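Engineer: sharing a sequence plus its predicted fold:
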Amino acid sequence: MGRMLPLIVVVPLLGAALLVSAGRRMSRPVAETLACCCAAVSTALSLALLARGAPEVEWVGDWPPQGGHSVGIVLTGDRTGLGLAALTSLLIVSVLAYSWRYFDEPPRGHAGAFPALILLFQAGMCGFALTGDLFDAFVFFELMGVVGYALTGYRVEQARPVQGALAFGFVNSLGGYASLLGIGLLYARTGELGMAQAGRALDAAPHRDALVLASFVLVLTGLLVKAAAVPFHFWLPDAHAVAPTPVCMLLSGVMVEMGVYGAARVSVTVFGGPGGIPADEVKRALLVLGVAGALTGAVMCWQQRHIKRLLAFSTVAHTGLFLTGVALLSPGGMAGTSLYVLGHAGVKAALFACTGGLLDRYGSVDELQLHGRGRELRLVGVLFTVGGLALAGLPPFGTGLGKALVEEQAGWLPVLFVVVSAVTGGAVLRVAARVFAGAGVPGPEQCPEDEISGEDEEPETGEPVRRPPWPMITVAGLLLAGALAVGTVPGLARGAGIAGAHFADHAGYAAVVLDGRHWPATGLPEVAWTWQGAALGALSAALAGGLAALGVRRPEPSLPGLRRLRHLQSGHVGDYVAWTAAGMGLLAVLARW
């Protein structure tokens, strides 16, 4: 079965190649059907391998290791990697279904352009989730990034998408160069590019030196840029504001989570041994960035009236919570974060799908301008409200279960997770109450100069629609149902517990990949709902509802005392580069302190 691992990446690549070469001669339904079939095949392969339970290892080109060393490229299908590949493929299928006959017309008559880009995006993400080689991880991540730039600026005839894509591309390319330099330094130190081999080489080293620290900081910088972790996050809200809605579903639903996964994988598998970075220093670095990101994202989320930017900053906040869970470096923390990521992906993609319905009906994503206008879209309003409650951690959604599991790892974590979940969920519920129920007072007609509204946007369907097309509503409902299943299906919880135990095992990963051994079924964390976890989830959801009720009483969401914080999101690439450099320096200080 391990021979099937490469097909998860190859099938979407072949589908994209076919669409690019023959897309001009295909009708639009044929091109979109072909893309859906390719994505579905990768989904089925990922789920089939995941159901087997045992980790799958495939040395591409049949170059297995000899004496623990190999020049071959390895794909490793452990539970976490295969789970992310399956999540990615499922979201790709959802996005392609959501986008069915979505845009007004293909650019220059090429019916396969958009679905081909989506399949390339899938190949990059699946390849990154499965690879066990640092250089190939860089290649797959850059493939994902380049396609992400193109998708963000898909409406190339408009200035704002091009500007957002350039900021996205510039900052992420800088992060990619940092990672490549870090991989080069690690290769100079160990002579290895495989994650397992490099980890073992560092374990055999007599002591850690400055080269190892520099490599860790540089590699982690590139991954945290992709994860949109504070202070590397500035590109994400700008990209979300201008990217097509289906692209936003992927950026927030799975791409930033890939960055968190990469940071966790490198920290544990490569640098997690005695010759790498001490666990206390890794914990400190990830905790500081995680807590800062969670609080900053929550505050900025509450102050937005542009609904897409509001959802983007909620992604920044939840990325901070994910990093906090990873920073614990424990099987329970990893298991809880895995479930949190699964639930968040479905919820956030559903919220963006509902926002796309508003955009295509009214030509606006401005919370204040849409006051009460969404009453006619009752089903969209119900789904948006449910998404806000799920984002706040309401049981029994997967977001609530993942949140509860991480909270149990340390006594101070419930305060952070409840506050951030309540603020981000409350911001979404405030939008639902104001837009779909007409609650509260109307906002000012004039938007302040330092605030981005979201009014007078172009509908992505070419012309405003009377009712959102049925695929859009169906996909949003199914995504929320999937987030609910994450918190209620016992098999998913057990699998996450096993995945967390395996992921946190530095020596076990190398033994599986290089020695052909199997992970022991011992030391597994308890993954199940508890009364305390359910109560904290209900509390954060109740607080979110209370904050929403208070928020609609104000004529605008921004808080006067925090306006200056918004000025940091300047839109200038030079500022974002400066913050990236500052974040790199902060990482070095935290890892050395």
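Structural biologist: Arrived safely.
Engineer: what stretches of the stretch 51-200 of the chain score poorly on pLDDT?
Structural biologist: 67-69, 101, 103-111 (pLDDT under 70).
Engineer: separation between residue 124 and residue 413?
Structural biologist: 33 Å (CB to CB, to the nearest Å). For glycine as for every other residue, the C-beta is placed from the backbone atoms N, C-alpha and C.
Engineer: okay, those two: which has more neighbours?
Structural biologist: More neighbours surround residue 124 than the other of residue 124 and residue 413, with 26 against 21 (other CB atoms under 10 Å).
Engineer: which residues sit in contact with the more buried one?
Structural biologist: 140-145, 147 (CB atoms under 8 Å, 6 or more residues apart in numbering).
Engineer: 10 Å instead?
Structural biologist: When contacts are counted by CB atoms under 10 Å, 6 or more residues apart in numbering, residue 124 touches 9, 12-13, 88, 139-148, 255, 258.
Engineer: one more: residue 355?
Structural biologist: 240, 245, 248-249, 307-308, 310-311, 365, 380, 384, 387, 431, 435, 454, 476.
Engineer: just checking, residue 291 touches residue 324?
Structural biologist: Yes - under the criterion of CB atoms under 10 Å, residue 291 makes contact with residue 324 at 6.2 Å.
Engineer: what is in contact with the two at once?
Structural biologist: Going by CB under 10 Å, 6+ apart, residues that sit against residue 291 and also against residue 324 are 413, 416, 420.
Engineer: which non-adjacent residue is nearest the first one?
Structural biologist: Leaving aside its chain neighbours, residue 413 sits nearest to residue 407 (4.8 Å; criterion: CB to CB, 6 or more residues apart in numbering).
Engineer: that neighbour touches residue 536, doesn't it?
Structural biologist: Yes - the pair residue 407 / residue 536 is scored as a contact, 6.1 Å apart, by CB under 10 Å.
Engineer: list residues touching both of the two?
Structural biologist: With CB under 10 Å, 6+ apart, residue 407 and residue 536 have common neighbours 393, 413-415, 417-418, 530.
Engineer: so which of those are in helices?
Structural biologist: Members of those lying in helices (criterion: DSSP state H): 413-415, 417-418.
Engineer: which among the residues you listed end up buried?
Structural biologist: 413-414, 417-418 (16 or more other CB atoms under 10 Å).
Engineer: any idea how far the helix-or-strand element of the chain with minimal mean pLDDT is from the chain center?
Structural biologist: Using mean pLDDT, DSSP states H and E, the weakest-scoring helix or strand in the chain turns out to be helix 563-566, at a mean of 72. Mean-position distance between helix 563-566 and its chain equals 25 Å (CA atoms, centre = their mean, to the nearest Å).
Engineer: what packs against whatever helix or strand comes next after that helix?
Structural biologist: For helix 563-566, the following helix or strand on the C-terminal side (DSSP states H and E) is helix 573-592. Judged by 3 or more CB pairs under 10 Å, 6 or more residues apart in numbering; DSSP states H and E, helix 573-592 is in contact with helix 159-190, helix 210-226, helix 235-242, helix 279-302.
Engineer: turn the ones you listed into TSV, columns for mean neighbour count.
Structural biologist: Below are those laid out as TSV (neighbours: other CB atoms under 10 Å):
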stretch	mean neighbour count
helix 159-190	20
helix 210-226	25
helix 235-242	26
helix 279-302	22
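Engineer: quick one, which of those helices is nearest to residue 20?
Structural biologist: helix 159-190 (19.5 Å; CB to CB).
Engineer: by contact count, what packs against the closest one?
Structural biologist: helix 134-152, helix 195-203, helix 210-226, helix 235-242, helix 256-265, helix 573-592.
Engineer: the inter-axis angle of the last one versus helix 279-302?
Structural biologist: So that's helix 573-592. With axes from the mean of the first three to the mean of the last three CA atoms, to 10 degrees defining the directions, helix 573-592 sits at 150 degrees from helix 279-302.
Engineer: please begin residue numbering at 21 from this point
Structural biologist: Understood, numbering begins at 21; the last thing we discussed is helix 593-612.
Engineer: average pLDDT for helix 593-612?
Structural biologist: The average pLDDT within helix 593-612 is 90.
Engineer: what about residue 539, which SS state?
Structural biologist: coil (DSSP: H, G, I helix; E, B strand; the rest coil).
Engineer: give the full set of residues in contact with it.
Structural biologist: Per CB under 10 Å, 6+ apart, neighbours of residue 539: 74-75, 98-99, 518, 521-522, 525, 528-529, 531-532.
Engineer: buried stuff in whichever strand or helix holds residue 79?
Structural biologist: Using DSSP H and E, residue 79 falls within strand 76-80. Residues of strand 76-80 classed as buried by neighbour count (16+ other CB under 10 Å): 76-79.
Engineer: quick one: which of the residues you listed is nearest to residue 294?
Structural biologist: Nearest member of the buried residues of strand 76-80 to residue 294, counting by CB to CB, is residue 77, at 24.2 Å.
Engineer: OK, contacts around the closest one?
Structural biologist: By CB under 10 Å, 6+ apart, the neighbours of residue 77 are 22, 25, 84, 94-98, 152, 216, 532-534, 536.
Engineer: quick check: it vs residue 540, distance?
Structural biologist: With CB to CB as the criterion, residue 77 and residue 540 are 17 Å apart.
Engineer: is it true that residue 178 touches residue 478?
Structural biologist: Yes - counting by CB under 10 Å, residue 178 touches residue 478, with 7.4 Å between them.
Engineer: more neighbours: those two, which one.
Structural biologist: residue 478 (15 against 12).
Engineer: SS state for the more buried one?
Structural biologist: Classified using three-state DSSP, residue 478 is coil.
Engineer: what's the answer for residue 250, then?
Structural biologist: Classified using three-state DSSP, residue 250 is coil.
Engineer: residues contacting the residue nearest to it when sequence neighbours are not counted?
Structural biologist: Leaving out its chain neighbours, the residue that sits closest to residue 250 by CB to CB, 6+ apart is residue 313, at 3.8 Å. Residues in contact with residue 313, defined by CB under 10 Å, 6+ apart, are 244, 247-253, 336-344, 440.
Engineer: one step back: ok, how many other residues are close to the residue nearest to residue 433?
Structural biologist: With other CB under 10 Å as criterion, residue 427 counts 25.
Engineer: same question, residue 527
Structural biologist: 13.
Engineer: now swap in residue 573 and tell me
Structural biologist: Count around residue 573 with other CB under 10 Å applied: 10.
Engineer: re earlier: just the angle for the strand holding residue 79 relative to helix 154-172, thanks.
Structural biologist: Using the same axes, to 10 degrees: strand 76-80 against helix 154-172 is 90 degrees.
Engineer: tell me which element residue 377 falls in.
Structural biologist: Using DSSP H and E, residue 377 falls in helix 351-382.
Engineer: and the next helix or strand after that helix, how far out from the chain's middle?
Structural biologist: For helix 351-382, the succeeding helix or strand toward the C-terminus, using DSSP H and E, is helix 398-411. When C-alpha coordinates are averaged (CA atoms, centre = their mean), helix 398-411 and its chain have centres 20 Å apart.
Engineer: one more: stretch 245-262?
Structural biologist: Worked out by CA atoms, centre = their mean, stretch 245-262 lies 11 Å from the chain centre.
Engineer: state the mean pLDDT of it.
Structural biologist: 91.
Engineer: okay, it in PDB with CA atoms only?
Structural biologist: C-alpha atoms of stretch 245-262 as PDB (Å, rounded to 0.1, in the frame of the first residue of the first chain):
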ATOM      1  CA  VAL A 245       5.400  33.100   7.500                       C
ATOM      2  CA  LYS A 246       3.300  30.500   5.700                       C
ATOM      3  CA  ALA A 247       1.400  29.900   9.000                       C
ATOM      4  CA  ALA A 248       0.700  33.700   9.300                       C
ATOM      5  CA  ALA A 249       2.000  33.600  12.900                       C
ATOM      6  CA  VAL A 250       2.500  37.000  14.500                       C
ATOM      7  CA  PRO A 251       4.600  39.000  13.600                       C
ATOM      8  CA  PHE A 252       4.800  37.300  10.200                       C
ATOM      9  CA  HIS A 253       1.100  37.500   9.600                       C
ATOM     10  CA  PHE A 254       0.600  40.800   7.800                       C
ATOM     11  CA  TRP A 255       0.200  39.400   4.300                       C
ATOM     12  CA  LEU A 256      -2.800  37.200   5.200                       C
ATOM     13  CA  PRO A 257      -5.500  39.800   5.800                       C
ATOM     14  CA  ASP A 258      -4.500  41.800   2.700                       C
ATOM     15  CA  ALA A 259      -4.600  38.600   0.600                       C
ATOM     16  CA  HIS A 260      -8.000  37.500   2.000                       C
ATOM     17  CA  ALA A 261      -9.500  40.900   1.300                       C
ATOM     18  CA  VAL A 262      -8.900  40.600  -2.400                       C
END
